[in-house]
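K.L.:
no sequence on hand, only this structure:
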């Protein structure tokens, strides 16, 4: 299985609930001439209206699915649902994702839901408006798709209405897309609309390659040293405040979430495994033939090093403004409502508990760090996983 396929299967977690009629949404195609998938087909989204007391609250989900940065890889992707809307299904079942499911245990179940299928290959950053030789005759327009979706939903469904609340979320490459775009969403909507970010699996520490003596390098290079190439290839949008801080020559650093984070001012709740098995396996090249690889002591050492780096990365989080949910589990984005559990709380309830302080009419309360859910293993090790409620590997 390719890394891209694995990302799709793990995106945000599969809910163990039976689909209902209200959980389904039909595909809406965008009409903007620049909102295109890799192959030039129009981007699109799935929308299910909110219900009851949550009719003015919105939850966006950006789909994940790795990335492409080479001609053959991108052209192959353009022949799939990760690169062409011609493969998008006519409808989407929101019950297939835990945090958008109709499960009574899900505190977001009555929100307006927007699911955005990923088809630009550039982690939702691309602003290409033409297919050129530089992009092998393909479009990288993920940011443009987000822009067009905001415009469409504002014009037809009242997204940009005073008093609304928008939780802008996504998993894996979609999590990176949240970092890239959520302050743009904040700027595009009225100041009277509450906007927060909720990236899942998009905040890894710096990526290093595992001992590659047993095989070649990972399919895609997401080490810091390659991000300027990615930034140039996609003509990536990056947040304006971060761009100003780094300057034009180093603006590509704003495409790397942990380097961009210090320059954000909009609230964010970060959901990230301290031992992300897909990042370690797919993008660091760790011997990821699981579960057999876990018999290798060198793999244990690599997992422990990654966990320590992730924990160090979390120290920069603004604990008076933002929140964190970080279990020690071998997982990526497969968070379920009740797995894992940290301090007796699942991820959806933790996110909702943090979000309440930003809802209209609510007062900020609690102490700094109250919304930092982070596993701390007794022996200081990250392998074997110490969270007793990890989802299945």
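P.N.:
Looks like it arrived, so ask away. Only a predicted model underlies this, so the values are computations on that prediction, with no experimental measurement involved. Numbers count the residues shown, from 1 in each chain.
K.L.:
CA only for contacts and neighbour counts going forward, please
P.N.:
Will do.
K.L.:
next up, the contacts around residue 79.
P.N.:
residue 39 (Cα atoms under 8 Å, 6 or more residues apart in numbering).
K.L.:
any idea how far it lies from residue 50?
P.N.:
Between residue 79 and residue 50 the distance, using Cα to Cα, to the nearest Å, works out to 34 Å.
K.L.:
just residue 314 next, same as before
P.N.:
According to Cα to Cα, residue 314 stands 33 Å off from residue 50.
K.L.:
please enumerate the helices of the protein.
P.N.:
Defined through DSSP state H, the helices belonging to the chain, from first to last, are 3-10, 71-77, 142-157, 173-188, 227-234, 240-246, 257-260, 277-278, 297-314, 347-355.
K.L.:
most tightly packed of those helices?
P.N.:
helix 173-188 (a mean of 24; mean count of other Cα atoms under 10 Å).
K.L.:
pLDDT weak spots in the stretch 201-350 of the chain?
P.N.:
In the predicted model, the stretch 201-350 of the chain carries pLDDT under 70 at residues 213-215, 288.
K.L.:
and residue 325, how far is that from residue 311?
P.N.:
In this view, residue 325 and residue 311 are 12 Å apart by Cα to Cα.
K.L.:
contact partners for residue 384?
P.N.:
Under the criterion of Cα under 8 Å, 6+ apart, the neighbours of residue 384 are residue 300.
K.L.:
please begin residue numbering at 44 from this point
P.N.:
Let's use 44 as the start, then, which means that last one is residue 427.
K.L.:
the protein: strands as residue ranges?
P.N.:
67-72, 87-91, 100-105, 134-136, 155-159, 208-214, 237-243, 312-314, 318-319, 366-369, 373-374, 415-417 (DSSP state E).
K.L.:
need the contact partners of the fourth one.
P.N.:
Outside strand 134-136, the residues that touch it by Cα under 8 Å, 6+ apart are 62, 66, 67, 68, 69, 70, 89.
K.L.:
please redo it, this time with the cut-off set to 6 Å
P.N.:
66, 67, 68, 69, 70 (Cα atoms under 6 Å, 6 or more residues apart in numbering).
K.L.:
and these as CSV, adding distance to residue 294?
P.N.:
Formatted as CSV, the contacts of strand 134-136 follow (distance: Cα to Cα, whole Å):
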residue, distance to residue 294
66, 40
67, 40
68, 38
69, 38
70, 35
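K.L.:
what's the nearest residue to residue 397 if we skip its chain neighbours?
P.N.:
Excluding the flanking residues, the one nearest residue 397 by Cα to Cα, 6 or more residues apart in numbering is residue 414, at 6.0 Å.
K.L.:
what does the pLDDT read for the one you found?
P.N.:
At residue 414, the pLDDT value in this model is 97.
K.L.:
I'd say it and residue 365 touch.
P.N.:
No - in terms of Cα atoms under 6 Å, residue 414 does not count as a neighbour of residue 365; the distance is 7.6 Å.
K.L.:
any idea how far residue 421 is from the most centrally placed residue in the chain?
P.N.:
Averaging the C-alpha coordinates of the chain gives a centre point, and the residue nearest to it by Cα atoms, centre = their mean is residue 218 (1.5 Å). Computed with Cα to Cα, the distance linking residue 218 and residue 421 is 29 Å.
K.L.:
likewise for residue 429?
P.N.:
8 Å.
K.L.:
of those two, who's got more company?
P.N.:
Set side by side, residue 429 and residue 421 give different neighbour counts by other Cα atoms under 10 Å, the larger being at residue 429 (18 against 8).
K.L.:
state the distance from the more buried one to residue 350.
P.N.:
Looking at residue 429 against residue 350, where the rule is Cα to Cα, the gap reads 12 Å.
K.L.:
count of residues packed around the residue nearest to residue 148 when sequence neighbours are not counted?
P.N.:
The shortest distance from residue 148 to any residue that is not its chain neighbour, by Cα to Cα, 6+ apart, is 7.2 Å, and that residue is residue 380. Applying the criterion other Cα under 10 Å, we find 24 residues in the vicinity of residue 380.
K.L.:
and residue 380, how close does it get to residue 93?
P.N.:
Counting by Cα to Cα, the gap from residue 380 to residue 93 is 20 Å.
K.L.:
can you name the residues bridging to the closest residue in space to residue 74 that isn't next to it in sequence?
P.N.:
Once flanking residues are discounted, residue 74 sits nearest to residue 85: 7.0 Å by Cα to Cα, 6+ apart. For residue 85, the beta-bridge partners under DSSP bridges are residue 79.
K.L.:
what about residue 85, how many residues nearby?
P.N.:
As a burial measure, residue 85 scores 20 neighbours (other Cα under 10 Å).
K.L.:
wait, doesn't it sit right on residue 75?
P.N.:
No - applying Cα under 6 Å as the test, residue 85 and residue 75 come out as separate, 7.9 Å apart.
K.L.:
related to what we said a few turns ago, as a markdown table, the helices of the chain with distance to residue 333 would be great.
P.N.:
Rendered in a markdown table, the data for those read as follows (distance: least, Cα to Cα, whole Å):
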| stretch | distance to residue 333 |
| --- | --- |
| helix 46-53 | 13 |
| helix 114-120 | 24 |
| helix 185-200 | 32 |
| helix 216-231 | 22 |
| helix 270-277 | 28 |
| helix 283-289 | 38 |
| helix 300-303 | 28 |
| helix 320-321 | 10 |
| helix 340-357 | 11 |
| helix 390-398 | 25 |
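K.L.:
for the ones you listed, which one sits closest to residue 143?
P.N.:
Nearest to residue 143 among the helices of the chain is helix 390-398; the distance by Cα to Cα comes to 9.8 Å.
K.L.:
helices or strands next to that closest one in the packing?
P.N.:
Packing contacts for helix 390-398, counted by 3 or more Cα pairs under 6 Å, 6 or more residues apart in numbering; DSSP states H and E, involve no helix or strand.
K.L.:
quick one, what contacts residue 265?
P.N.:
Contacts here follow Cα under 6 Å, 6+ apart; on that basis residue 265 touches nothing.
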